[in-house]
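**Student:** okay, predicted coordinates and the sequence, questions at the end:
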Amino acid sequence: MIRGAVIVTMDEHLGEFSSGDILIEEDRIAAIGPSLDLSDVNTEIVEAPGWIVAPGFINAHMHTWQTGLRSAAANWTLLEYFRWVHAGLATRFTPEDIGIATLAGALNQINSGTTTLVDWCHNNPTPAHTDAAVAALQESGIRAAFFHGSPKPDPRPGERHFSEIPHPRREIERLLAGPFSSRSGKLSLGMAILGPHYATLEVALADFRLSREFGLIASMHQGGGAAKTPEGWDVLEAENLLGPLINIVHGNDLSDDRLARFAAQGVTFSVAPENEMIQGHGHPITGRLRALGVAPSLGVDIESVVGGSMIAVARAALSHQRALDNAASRVTTGAIPPTTTIRTGEALSWITRDGARMLGQQDRIGRLAPGLQADLILVRADDLDLWPVHDPVATLIMHAHTGSIDSVMIAGRWHKRGGRLLGFDLGPIRAALARSGQRILAELRWPQGAA
């Protein structure tokens with residue numbers, strides 16, 4: 001029992017409680033309300049008066065394998081990133097490098113209040129690389145959707161370009177028969193495919209059909225230079241291969257008409273606002289989606305460029321779109337809008353409910369309600385930089401940060417308490433991550449080679 005907390009449920013029926021209790025039984029929420037019954041003497045009580053309890057965050061898009069490269073790509077445009085990362089640094093990764101980066105990245109997500117991570121893993125040239133990533137996610141304890149991808153190296157003589165290689169059916173079958181044989185646990189499987197922007201038409205069609213055959217989400221990057229197959233989306237639409245299993249990341253270069261058609265067919269969108277603005281993707285499409293009545297999910301994207309906090313990501317998305325809306329109002333009316341165009345509750349939904357909807361898990365995560373998984377955070381709201389709390393939702397989005405996250409629960413189990421991760425000696429993890437990143441960067445002579 002968490003008792004006496006300010007509860008932000010993100011559930012449209014339950015709303016908020018200025019002082020409420022949450023009863024958790026095993027991995028699920030059993031009850032929420034004021035002054036719940038405490039007759040069971042075996043109930044552990046967590047007194048939380050004045051603290052904020054909210055759903056754990058959902059990071060809808062992150063290449064966790066890049067954790068050991070933190071800050072290395074911070075000054076690169078997208079074109080430099082392609083050259084130095086995919087054709088260079090990525091080729092130096094061993095399975096051990098993938099494992100330590102994924103473990104450290106997942107633990108940092110938990111530490112920052114994320115309870116569900118979409119790990120978009122597209123640096124797995126061998127099954128051993130894939131297995132190392134999956135094992136690290138399992139070890140971390142985070143709820144994860146592992147989106148299995150494929151690397152993008154420059155081809156050697158006699159090799160096909162990566163755009164001509166279909167997603168490996170054999171690997172999907174192997175993973176579904178192994179660590180993802182159950183679809184009711186904390187780990188789920190998706191496909192991180194190339195899509196028509198980065199693949200031939202033949203490959204795009206094969207990958208979309210493979211996704212539909214296995215009932216797996218197919219997520220793809222859209223944007224960043226010229227498309228490999230400009231006519232690809234027209235063919236995919238004509239073949240009726242779009243729908244809720246299709247997830248588009250970025251999407252900055254999609255026309256308004258195409259965006260509207262995709263939204264009408266249930267396609268989901270994951271926006272990475274900080275990295276998109278930094279590396280040159282274009283303006284995040286948050287506002288364009290909102291105009292269609294569609295909410296985005298949000299992701300960190302790459303920690304080689306930006307930090308891993310989903311609070312920072314939501315704040316960036318909100319601030320950017322408010323700035324665009326304010327500027328548009330000045331152009332059309334000559335004045336600032338009479339009221340804000342986006343409220344903080346909507347931004348919080350992007351990293352909770354809307355992330356769950358993108359994954360098709362809105363009946364399991366993303367809200368606090370009886371019957372749902374007990375994935376939640378406790379924020380110590382009496383800290384000097386948060387107090388006083390007049391609006392708990394605004395406090396979470398506009399004032400809170402990783403240091404504010406006192407406790408994190410995933411599936412009814414504490415993974416962070418009292419501001420500290422549980423069950424891990426972080427010293428050896430930090431040392432192994434540093435060795436991995438330093439070796440990989442040294443092999444490419446960074447920063448000299450990147451200057």
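**Tutor:** Great, that's in hand.

**Student:** what about residue 126, how many neighbours?
**Tutor:** 13 (other CB atoms under 10 Å). Any C-beta I mention is one placed from the backbone N, CA and C, and that applies to glycine too.

**Student:** check the gap between residue 395 and residue 152 for me.
**Tutor:** Residue 395 is 41 Å from residue 152, where distance means CB to CB, to the nearest Å.

**Student:** between the two, which one's more packed in?
**Tutor:** Higher neighbour count among residue 395 and residue 152: residue 395, with 22 against 18, using other CB under 10 Å.

**Student:** shaky segments in this protein?
**Tutor:** 41, 447-451 (pLDDT under 70).

**Student:** got the buried residues for the longest strand anywhere in it?
**Tutor:** Across the chain, the longest stretch assigned as strand under DSSP state E is strand 16-25. By neighbour count on 16 or more other CB atoms under 10 Å, the buried set for strand 16-25 is 16-17, 20-24.

**Student:** which two of those residues have the greatest separation?
**Tutor:** Checked with CB to CB, the buried residues of strand 16-25 reach their widest spread between 16 and 24, with 18.7 Å between them.

**Student:** by residue count, what's the longest helix in this protein?
**Tutor:** helix 310-333 (DSSP state H).

**Student:** buried ones in that one?
**Tutor:** For helix 310-333, by 16+ other CB under 10 Å, it's 310-318, 320-322, 324-325.

**Student:** likewise stretch 255-270?
**Tutor:** Using 16+ other CB under 10 Å as the test for burial, stretch 255-270 gives 259-260, 262-263, 267-270.

**Student:** could the buried residues of helix 310-333 be laid out in JSON lines, adding distance to residue 349?
**Tutor:** Listed next are the buried residues of helix 310-333 as JSON lines, based on distance: CB to CB, whole Å:
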{"residue": "310", "distance to residue 349": "12"}
{"residue": "311", "distance to residue 349": "14"}
{"residue": "312", "distance to residue 349": "17"}
{"residue": "313", "distance to residue 349": "13"}
{"residue": "314", "distance to residue 349": "9"}
{"residue": "315", "distance to residue 349": "14"}
{"residue": "316", "distance to residue 349": "16"}
{"residue": "317", "distance to residue 349": "11"}
{"residue": "318", "distance to residue 349": "11"}
{"residue": "320", "distance to residue 349": "17"}
{"residue": "321", "distance to residue 349": "14"}
{"residue": "322", "distance to residue 349": "16"}
{"residue": "324", "distance to residue 349": "19"}
{"residue": "325", "distance to residue 349": "18"}
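
**Student:** now, which of these sits nearest residue 343?
**Tutor:** residue 318 (8.9 Å).

**Student:** who touches that closest one in this structure?
**Tutor:** For residue 318, the contact set (CB atoms under 8 Å, 6 or more residues apart in numbering) comprises 342, 344, 346-347, 397.

**Student:** redo that, cut-off 10 Å
**Tutor:** 273, 286, 298, 340-344, 346-348, 350, 397-398 (CB atoms under 10 Å, 6 or more residues apart in numbering).
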